[in-house]
Every structure is written in structure tokens, then in C-alpha cells.
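*Asks:* The following comprises the amino acid sequence and a computationally predicted model.
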Amino acid sequence: MTSTLTATSTSSRIEEGPDGTLEIWSLSPTEDVLLRLLTELFEHHWSEITFGPLIQGAAWEVRAPGAPKKIGMFDGYVTVDFGPWHFHLCIGETRGTRSHPTPPELSAHRRTARAEFYRNLASRDGAPTSWGLRFFNGHDEQQMTVFLPNPFLSPEMRILKTPEWSHLELWDRLRQDYLGLAPDPRDRTGKGFAHS
């Protein structure tokens, strides 16, 4: 599924206070790139990921009940429908209807303007402790975080005594497909999961 690279292969760092540092790789927030990525994650990896907003004071770590019944686009929004519930994420231009058009400034506010791969680096030693993706709208408000499988956690989110490095396979593949980066040995240097 590799095509023209849609991101830079260089990273930047954001200090997250006592939680450590986030190392991020920016992804082009175009509708086609984001739709391809979200479709891949939710059609093929729904059982491996958790997702939801992650903001100071709230973390929604949602697991899908099964494969989505449908993934579709309408008026700039991707809808991932699991049957009993669904979510919408504005990843394209939303125009509204002929009788109620969406003002351009509101469309820009709603649409994903920043998408990034990240890994959290522990403050104690700088080793990676978690991996994922984040999406932000045009006002830099978080839309969603996708938490990728973690070698320090079981699928039931229990801390493992011994890291299970095979949990990084999805991270490695996404880095290759979307960033053009080979697996990074540094991802396998952590000593365990920690968050504050």
C-alpha cells in the first residue's frame, strides 16, 4: 500500500511535562491519505487498537465491538459504523447543503488540519513507552488519538512482565507505508510502560 510519501521522515519533539516527551512525525492531512489510513486501521486492525480523545483531564480508550459494518464518506466526514454505534471525523471539505451551506471558516475549523504519528518518550531515560496517531482540527483541538499495540501491555491492557516486541509490528508497518521509515531499533529499548 506504499505510494508517494505523504509525510516527512524527520521528527520533532514536544515536551509533555511530567509525562515525558512526544516524538512526532507529521502526516499530510489530505482526505485521501487520512481515509486510506483510517480505513486500514478500522477495517484490518480494529481488534488491536484503542481510540478516542486524549486531552488533559480525560482519556477515552474505546475498543471496537467488531469490524465496522461500513466506512463511508459524506460531505467531508468519514463515518466508521460499528452497528450499535458509530463516529464521524471531518477529514475533508464540508460544504453543507445548497440551502444551508457551511461557511468556509467553519469548514476549515472542523477539518483535520494536523495528523501525526507519535511515540511517547519516558522522562526517566528517553526510551519509547507508547505509540500512536493523533488528529487535530483547524483550531488545533484534538479530534482523536489512536493508541497502537504496546509491547508493555497485554491486549487486555495489563502490564506485561516481559515486553512483547511483536506488538510493534503495526507501528513498524505504518512507519514504512506512510513515512518511508524502516523499523527503528530504539523502539525496542524501553524498560516498561509508565504514565502519570
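*Replies:* Yep, that arrived.
*Asks:* ranges for the strands of this structure?
*Replies:* Taking DSSP state E, the strands of the chain run over residues 12-15, 21-27, 50-52, 54-55, 58-59, 70-74, 77-81, 86-90, 112-121, 128-137, 142-147.
*Asks:* Any idea which of these gets closest to Y178?
*Replies:* The closest of the strands of the chain to Y178 is strand 21-27. By Cβ to Cβ, the value is 6.1 Å. For glycine as for every other residue, the C-beta is placed from the backbone atoms N, C-alpha and C.
*Asks:* quick one: contacts of the closest one?
*Replies:* Residues from elsewhere that reach strand 21-27, judged by Cβ atoms under 8 Å, 6 or more residues apart in numbering: 6-16, 33-34, 37, 114-121, 123, 126, 128, 133-134, 175, 178-179, 181.
*Asks:* Same check on stretch 65-78?
*Replies:* Residues outside stretch 65-78 that contact it (Cβ under 8 Å, 6+ apart): 31, 34-35, 38-39, 42-43, 46, 79-84, 88-96, 107, 110-111.
*Asks:* how far does it stretch from start to finish?
*Replies:* Stretch 65-78 has an end-to-end distance of 19 Å (Cα to Cα, to the nearest Å).
*Asks:* what does stretch 86-104 give?
*Replies:* End-to-end distance of stretch 86-104: 26 Å, with Cα to Cα as the criterion.
*Asks:* can you check stretch 146-157 too?
*Replies:* 15 Å.
*Asks:* Any quick PyMOL command for the buried ones out of the contacts of strand 21-27?
*Replies:* Only the buried entries of the contacts of strand 21-27 go into this PyMOL selection, using 16 or more other Cβ atoms under 10 Å:
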select buried, resi 6+7+11+33+34+37+114+115+116+117+118+119+120+121+123+128+133+134+175+178+179+181
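*Asks:* low pLDDT regions in this structure?
*Replies:* 1-9, 17-19, 194-196 (pLDDT under 70).
*Asks:* sorry, back to before: TSV for the strands of the chain, including distance to G190?
*Replies:* Output for those, formatted as TSV (distance: least, Cβ to Cβ, whole Å):
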stretch	distance to G190
strand 12-15	17
strand 21-27	13
strand 50-52	19
strand 54-55	19
strand 58-59	20
strand 70-74	33
strand 77-81	30
strand 86-90	30
strand 112-121	9
strand 128-137	5
strand 142-147	15
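*Asks:* Out of these, which gets nearest to T189?
*Replies:* Of the strands of the chain, nearest to T189 by Cβ to Cβ is strand 128-137, at 7.3 Å.
*Asks:* now the closest one: how far from the chain's centre is it?
*Replies:* Here strand 128-137 is found 5 Å from its chain centre; the criterion is Cα atoms, centre = their mean, to the nearest Å.
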